[in-house]
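*Asks:* predicted model and sequence below, questions to follow.
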Amino acid sequence: MRLLTYTAANLLVSLFTWQSVQAAPQSNPTAREVTAAVPQVRTIDSQEKEEERLSRIAQDNEQPIELRIQAVVALGQYSGPNAFISVARASRSPHAELKLAAIEAVRFWSVKARWDVVSPLVNDNNERVQVAAGNVLVSLWGELNINQQAYLQPAVDQYVAALKKIATDFQSQLALANVYRYQQQTEQAELAYKALIEQFPEEGESYLQLGELYRKDSAKVQEVAILKQGILVNPQAGHLHYALGLTYYRQKESEQAQRQIQLAIDNAPSNGRYPYTLAVMLKSAEPAQAIKLFQKAYDNAGSPQYLYALCESYVEQGHEVQARQCIGKLKQVAPDNIVKQLTDKHAYLAYPQ
């Protein structure tokens, strides 16, 4: 499990830069999607051991190729040196399947890490690898300089050509519309999303991505309108309520934002991100309610980030007993320097009772 910089305040930054995960046609769920379905809380030691085990499998030429592929994809959940080295080596493998696994593994890594691992595969002699490279890197388009964009364009063209061959289903059409958005082809993207909404009105992702297009274009009225339209058709779509809540939050309409995030929670009660976001919004005005929401977020997702936020709230509200218990759990899953951020705020926490 990847460890992030834990602070509830960090979410406030992501609220303004929120972007849904790229939709792309996939025949099988990734390891990240599978493991995300069930909350998993691993100690630091167990994380390191699992990363090392997967790394050995990924690099062992004696292992069946199918097992190595699974290990490489699973390593995408980790951020240690073993994971990076193993995934990078897989990307340089003579086996196209291992290259494809490496590309999938880094799908949610940082911009630099994705570019470093995948960009050499843009000119691979295997067309499937080129297409996959275009798929994973095109979402970085706005982060790349002109030379990098020119270098990437042939792989994006391959990806687009592959999508157009199968562009009858929703996911492939959505992926094509996303390419237009990533490359700032605003009019084409808008037309593509609207066509999807007309053809597949019950698919919430079209409204979500069109709303993102409007957000990037500072079209606030249209952004709110399209998300409301999506909710009207899909009233139980938690992700649409969540997106509208973030839109209202960016527009400094706090009550509307909180109402929509609460609706997201009501419609997706097992989601961890939604209660976490609402807790951050309420933390100053309603600290007791925020604590309950941080607890719900952690119970749902098992994320060390959410556990840190819960502990931080206990500390700030002076709940010494709960703070100590919470920090005891945090020590098992977070690095020492992260825990020290909390204990340094209140000296009494640095010492046992």
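*Replies:* Nice, thanks for sending it over. All values derive from a computational prediction rather than experimental measurement. Numbers count the residues shown, from 1 in each chain.
*Asks:* quick one: mean pLDDT for the helix or strand in which S46 is found?
*Replies:* Counting by DSSP states H and E, the element that carries S46 is helix 44-59. Mean pLDDT, helix 44-59: 90.
*Asks:* now swap in stretch 175-193 and tell me
*Replies:* 96.
*Asks:* please compute how far that stretch lies from its chain's middle.
*Replies:* Between the centre of stretch 175-193 and the centre of its host chain there is 21 Å, according to Cα atoms, centre = their mean, to the nearest Å.
*Asks:* now do the end-to-end distance for it.
*Replies:* Taking Cα to Cα, to the nearest Å as the measure, stretch 175-193 stretches 10 Å from start to finish.
*Asks:* pull out the buried residues from that stretch.
*Replies:* In terms of neighbour count (16 or more other Cβ atoms under 10 Å), stretch 175-193 has its buried residues at 175-183, 189-190, 192-193. Where you see a C-beta, it was placed from the backbone N, CA and C, and this is true even at glycine.
*Asks:* before we move on, what about stretch 237-256?
*Replies:* 237-250, 256.
*Asks:* quick one on the thing from earlier: what's the first helix or strand after the helix holding S46?
*Replies:* helix 65-74.
*Asks:* between helix 44-59 and that next one, find me the angle.
*Replies:* Taking axes from the mean of the first three to the mean of the last three Cα atoms, to 10 degrees, one finds helix 65-74 and helix 44-59 inclined to each other by 140 degrees.
*Asks:* which helices and strands does helix 65-74 pack with?
*Replies:* helix 31-36, helix 44-59, helix 81-91, helix 96-105 (3 or more Cβ pairs under 8 Å, 6 or more residues apart in numbering; DSSP states H and E).
*Asks:* list the contacts for A290?
*Replies:* By Cβ atoms under 8 Å, 6 or more residues apart in numbering, the contact list for A290 reads A279, V280, L282, K283, S313.
*Asks:* so the third one makes contact with F294?
*Replies:* The one in question is L282. No: shown here, L282 and F294 do not form a contact pair, counting by Cβ atoms under 8 Å, at 10.0 Å.
*Asks:* residues contacting L176?
*Replies:* V160, L163, K164, A167, A192.
*Asks:* output those as JSON lines; include the columns distance to K112 and secondary structure.
*Replies:* Shown next, in JSON lines, are the contacts of L176 (distance: Cβ to Cβ, whole Å; DSSP: H, G, I helix; E, B strand; the rest coil):
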{"residue": "V160", "distance to K112": "25", "secondary structure": "helix"}
{"residue": "L163", "distance to K112": "26", "secondary structure": "helix"}
{"residue": "K164", "distance to K112": "30", "secondary structure": "helix"}
{"residue": "A167", "distance to K112": "31", "secondary structure": "coil"}
{"residue": "A192", "distance to K112": "30", "secondary structure": "helix"}
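*Asks:* with respect to I57, which of those residues is nearest?
*Replies:* L163 (32.5 Å; Cβ to Cβ).
*Asks:* for the closest one, give its distance to K216.
*Replies:* 21 Å (Cβ to Cβ, to the nearest Å).
*Asks:* in this structure S270 contacts A297, no?
*Replies:* No: with contacts counted by Cβ under 8 Å, S270 stays clear of A297, the gap being 10.9 Å.
*Asks:* neighbour count winner among those two?
*Replies:* Per other Cβ atoms under 10 Å, whichever of S270 and A297 has more neighbours is A297, with 27 against 13.
*Asks:* let me know how buried the closest residue to that one other than its chain neighbours is, in neighbour terms.
*Replies:* Leaving out its chain neighbours, the residue that sits closest to A297 by Cβ to Cβ, 6 or more residues apart in numbering is Y276, at 3.8 Å. Burial measure for Y276: 26 neighbouring residues, criterion other Cβ under 10 Å.
*Asks:* one more: L278?
*Replies:* 27.
*Asks:* please name the nearest non-neighbouring residue to it.
*Replies:* Here the residue nearest L278, using Cβ to Cβ, 6+ apart, is I261, at 4.4 Å.
*Asks:* repeat for K283
*Replies:* A290 (4.4 Å).
*Asks:* can you give me the strands in the stretch 151-300 of the chain?
*Replies:* Remark: no strands are assigned in the stretch 151-300 of the chain by DSSP state E, counting those that start in this stretch.
*Asks:* so where is it shaky, pLDDT-wise?
*Replies:* Within the stretch 151-300 of the chain, the stretches with pLDDT under 70 are 167.
*Asks:* quick one on the thing from earlier: of the contacts of A290 - the most surrounded one?
*Replies:* A279 (27 neighbours).
*Asks:* isn't that one right next to F294, touching?
*Replies:* Yes: A279 is within contact range of F294, at 4.7 Å (criterion: Cβ under 8 Å).
*Asks:* quick one: K49 from A334, how far?
*Replies:* To A334, K49 is 17 Å away according to Cβ to Cβ.
*Asks:* go on, Q63?
*Replies:* For Q63, the distance to A334 - Cβ to Cβ - is 32 Å.
*Asks:* before we move on, back to that, just the ones in helices from the buried residues of stretch 237-256, please.
*Replies:* 238-250, 256 (DSSP state H).
*Asks:* what residues of stretch 292-311 count as buried?
*Replies:* Counting neighbours by 16+ other Cβ under 10 Å, one finds that the buried residues in stretch 292-311 are 293-298, 300-311.
*Asks:* shaky segments in the stretch 1-150 of the chain?
*Replies:* For the stretch 1-150 of the chain, the stretches with pLDDT under 70 are 1-44.
*Asks:* which residues are in contact with the nearest residue to S91 once chain neighbours are set aside?
*Replies:* Leaving aside its sequence neighbours, S91 sits nearest to A102 (Cβ to Cβ, 6+ apart; 3.8 Å). Applying Cβ under 8 Å, 6+ apart to A102 gives the contacts V72, V87, A88, A90, S91, S93, V117, V118.
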